[in-house]
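Student: Provide a 3D model corresponding to the input given below.
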Amino acid sequence: MKIQPVGDTAVKLSFSGKASVEMNRMIRQFCEELDAASITGLIEWVPAFDSVTIYYDPWQVGYEEFKGRMEEIAGKDLSGTRSMSRVVHIPVLYGGEAGPDLHRVAEHNRLKPEEVIRIHQHPEYLVYMLGFLPGFPYLGGLDQRIAAPRLPEPRPRIEPGSVGIAHEQTGVYPLESPGGWNLIGKTPLRLFDKQKGEEGFLFQAGDRVKFLSVSEQDFKQIEEQVEHGIYEVYSGG
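Tutor: Numbers count the residues shown, from 1 in each chain. Okay, here's the model as predicted:
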């Protein structure tokens, strides 16, 4: 691991090697140790694929002292994680208006649309990090058989809840946004609610995600349950 300054208000802890499930566990463990420690000047931290950026108040703590505390935590055994992962079940209405690029992904990979749907649902994906948009999950675990390049020209508007594929990744748009991902379906769940502040994010790094195919009728019913706050998406893992 390497620690380096990021401006005068943050440090970046970089892990060596290729991003993997094991590295993600180590990053989560570091963040848990950081959360449990009482560190003067600590503001927040942002985990990524192979690093964690930690922000601090330079008026309360100097760089060398803060770096020393980070090195102390990084020197602990980070091979495990104390917390259990959550499993987030994501219902998806595949194809049609909800997934206009399903056939494109199928044709690119010489598959039938129903095969793309089946393959997309099979893995249990890992949320490596959130970014791009508030609550947008970067998921690991997409089967290479349904990987597909981005659209030649991005769409000017993609609806919240749209499920897409871009190269070797799949993800879900939490907000309306332009984008070039292949849209294969849509979920009625809300990934981000700004009215709830820190509690308004559906995903967090380290979650596992399972996509489930639903009918149009099921989609509407779940949409109503989400609106009334009675739809359950989490389970222990």
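Student: if I've got this straight, Pro188 is in a helix?
Tutor: No: assessed by DSSP: H, G, I helix; E, B strand; the rest coil, Pro188 does not belong to a helix; its assignment is coil.
Student: correct me, but Leu126 touches Asn24?
Tutor: Yes: checked against Cβ atoms under 8 Å, the pair Leu126 and Asn24 is within contact range at 6.3 Å. Where C-beta positions appear, they are placed from N, C-alpha and C, glycine not excepted.
Student: anything in contact with each of these two?
Tutor: Listed contacts common to Leu126 and Asn24 are 140, 206; contacts here mean Cβ atoms under 8 Å, 6 or more residues apart in numbering.
Student: list the contacts for Ile54?
Tutor: 10-13, 34, 42, 44-45, 70.
Student: Kindly recompute the last result at 7 Å.
Tutor: With contacts defined as Cβ atoms under 7 Å, 6 or more residues apart in numbering, the neighbours of Ile54 are 10-11, 13, 34, 45, 70.
Student: Could you do Val127 as well?
Tutor: With Cβ under 7 Å, 6+ apart as the criterion, the residues that contact Val127 are 137, 139, 203-207, 209.
Student: In those residues, find the pair that's most separated.
Tutor: The widest separation within the contacts of Val127, taken as Cβ to Cβ, falls between Leu139 and Gln204 and amounts to 12.9 Å.
Student: ok so, going back, looking at the contacts of Val127, which are in strands?
Tutor: Using DSSP state E to define strands, the subset of the contacts of Val127 located there is 137, 139, 209.
Student: What are the buried residues along stretch 121-133?
Tutor: Applying a neighbour-count criterion of 16 or more other Cβ atoms under 10 Å, one finds 123, 125-130, 133 buried in stretch 121-133.
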